[in-house]
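>>> When you get a sec, could you give me coordinates for this:
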Amino acid sequence: MKTSVLTLVRGRHAHLINLMHGLNAQLRPPDELIIAWMQTDIDEDLPATDFPVRHIRVAGTDLPLARARNFAAECAGHEGLIFLDVDCIPAPELVRCYREALANQAGLFMGEVRYLPTDAVRVDAAGALDFERLNRLGEIHPARPALGSDAPIPEGDPGQLWGLSFALRRSDHERAGGFDEAYEGYGGEETDYAWRLAAAGVDFYWLAGARAWHQHHPLYRPPYPHFDAIVANARRFHARWGRWCMDYWLGMFRDAGLVEWSPSARDIVVLRQPTPAEIDSARLDGEVRYG
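Below you'll find the predicted structure:
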């Protein structure tokens, strides 16, 4: 089965370069890389590759993540779709593991992601990454399982899908209707997509061998810069599925006095916006790896 790697970019030039170095080091390289640019200009000075790279532009002032993912999948030339966040560096086995899993059975496969501290990535003059260093410094997120087997491990909860690294067949993506493009900005579209796939009969699996490392970038806890998008997207998810997503962030917004909300609520009542001081104080120290 041939595979297309799909990644979305807005202002992550250095991270994209490292992702492409990781793809150049694959034991089985992808058959193409699709870069969906959520910005006006396409970055220059990107690494050369032995596989085709296609550039597409996605319109939208807010982060059009759902639209960009759908467009990238539509433009992909192959049945195997590997969604890889631009912040991720793929381990040399990632494409091969996803390719073999997709060839053996249908389903959505979620690779292991380990989080890096600042200044963890080392690249030599030839573009070779220090994978031993990444393996040593990468940390498993406490909300993710530690995977000990390369065999697919069934996952019964679609809500476990995070969009950093996953793969599925194009036919399953299309059967589920793709991502709901009414989601704008940060949050919710991945969880909605997971439930759409589950409703279409797609099974979920963890895949340890498809490892990636998440490159560090500034974080906010709670993510006040995305306050409006989180509220709007959580409302949209609840209207469709009768349950809330992003409960963790909504609870923190409630505790800060920004909203009235509870897990049994039918709506979110916005009381006020976060202040500039609150947004500044929510920015995490550079050593914090995840929100």
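>>> Give me the domain ranges for this protein.
Per automatic domain parsing, the structural domains of the chain span 3-214, 224-282.
>>> mind giving me CSV with the ones you listed and columns for mean pLDDT, mean neighbour count and distance to residue 291?
(Each C-beta comes from the backbone N, C-alpha and C, glycine too.) Below are these laid out as CSV (pLDDT from 0 to 100; neighbours: other CB atoms under 10 Å; distance: least, CB to CB, whole Å):
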stretch, mean pLDDT, mean neighbour count, distance to residue 291
domain 3-214, 95, 18, 10
domain 224-282, 97, 16, 9
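>>> what about those, which gets the closest to residue 289?
domain 3-214 (3.9 Å; CB to CB).
>>> Just the terminal-to-terminal distance for the closest one.
Length of domain 3-214, first residue to last, CA to CA, to the nearest Å: 21 Å.
>>> Going forward, the N-terminal residue is numbered 432.
Okay, using 432 as the starting number, the last item reads as domain 434-645.
>>> would JSON lines of the domains of the chain with distance to residue 721 be doable?
Putting the domains of the chain into JSON lines (distance: least, CB to CB, whole Å) gives the following:
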{"stretch": "domain 434-645", "distance to residue 721": "5"}
{"stretch": "domain 655-713", "distance to residue 721": "12"}
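>>> For the stretch 532-681 of the chain, just list every one of the helices.
Here the stretch 532-681 of the chain has its helices, by DSSP state H, counting those that start in this stretch, at 562-568, 601-606, 620-630, 658-672, 678-686.
>>> Check which helices and strands the longest one sits against.
Judged by 3 or more CB pairs under 8 Å, 6 or more residues apart in numbering; DSSP states H and E, the packing partners of helix 658-672 are helix 620-630, helix 678-686.
>>> Now do stretch 655-667: distance to the chain's middle.
A distance of 17 Å separates the centroid of the chain from that of stretch 655-667, by CA atoms, centre = their mean, to the nearest Å.
>>> Need the CA coordinates for it. CSV is fine.
Coordinates of the C-alpha atoms in stretch 655-667 are reproduced here as CSV (Å, rounded to 0.1, in the frame of the first residue of the first chain):
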residue,chain,number,x,y,z
TYR,A,655,-6.5,31.3,27.1
PRO,A,656,-5.4,32.5,23.6
HIS,A,657,-7.9,30.0,22.2
PHE,A,658,-10.7,30.7,24.6
ASP,A,659,-13.4,31.7,22.1
ALA,A,660,-12.6,28.9,19.7
ILE,A,661,-12.7,26.3,22.5
VAL,A,662,-16.1,27.5,23.8
ALA,A,663,-17.6,27.6,20.3
ASN,A,664,-16.2,24.2,19.3
ALA,A,665,-17.2,22.6,22.5
ARG,A,666,-20.7,23.8,22.0
ARG,A,667,-20.8,22.4,18.5
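>>> so what's residue 470 up against?
Counting by CB atoms under 8 Å, 6 or more residues apart in numbering, residue 470 touches 440, 441, 442.
>>> Output the longest strand belonging to the chain.
Longest strand in the chain by number of residues (criterion: DSSP state E): strand 635-645.
>>> Please report how far the nearest residue to residue 627 once chain neighbours are set aside lies from residue 501.
Nearest non-adjacent residue to residue 627, counting by CB to CB, 6 or more residues apart in numbering: residue 607, 4.4 Å away. Separation of residue 607 from residue 501 (CB to CB, to the nearest Å): 11 Å.
>>> got it, and residue 477?
On the measure of CB to CB, residue 477 and residue 501 end up 23 Å apart.
>>> what ranges do the strands span in the stretch 482-631 of the chain?
For the stretch 482-631 of the chain, the strands defined by DSSP state E, counting those that start in this stretch occupy 484-488, 511-515, 519-521, 539-546, 570-571, 584-586, 596-600.
>>> List the pairing partners of the last one within its sheet, with orientation.
Take DSSP bridges as the rule and strand 596-600 pairs in its sheet with strand 511-515 (antiparallel), strand 539-546 (antiparallel).
>>> how about those, which one is nearest residue 685?
strand 539-546 (26.8 Å).
>>> quick one, the closest one and strand 635-645 angle?
30 degrees (axes from the mean of the first three to the mean of the last three CA atoms, to 10 degrees).
>>> Can I get strand 539-546 in PDB? Just the C-alpha atoms.
Backbone C-alpha positions of strand 539-546 (Å, rounded to 0.1, in the frame of the first residue of the first chain) are rendered in PDB as follows:
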ATOM      1  CA  LEU A 539      -7.300   4.100  12.600                       C
ATOM      2  CA  PHE A 540      -3.800   3.600  14.000                       C
ATOM      3  CA  MET A 541      -2.400   6.000  16.600                       C
ATOM      4  CA  GLY A 542       1.300   6.100  16.900                       C
ATOM      5  CA  GLU A 543       3.300   6.700  20.100                       C
ATOM      6  CA  VAL A 544       4.300  10.300  20.700                       C
ATOM      7  CA  ARG A 545       7.000  11.300  23.100                       C
ATOM      8  CA  TYR A 546       7.500  14.900  24.200                       C
END
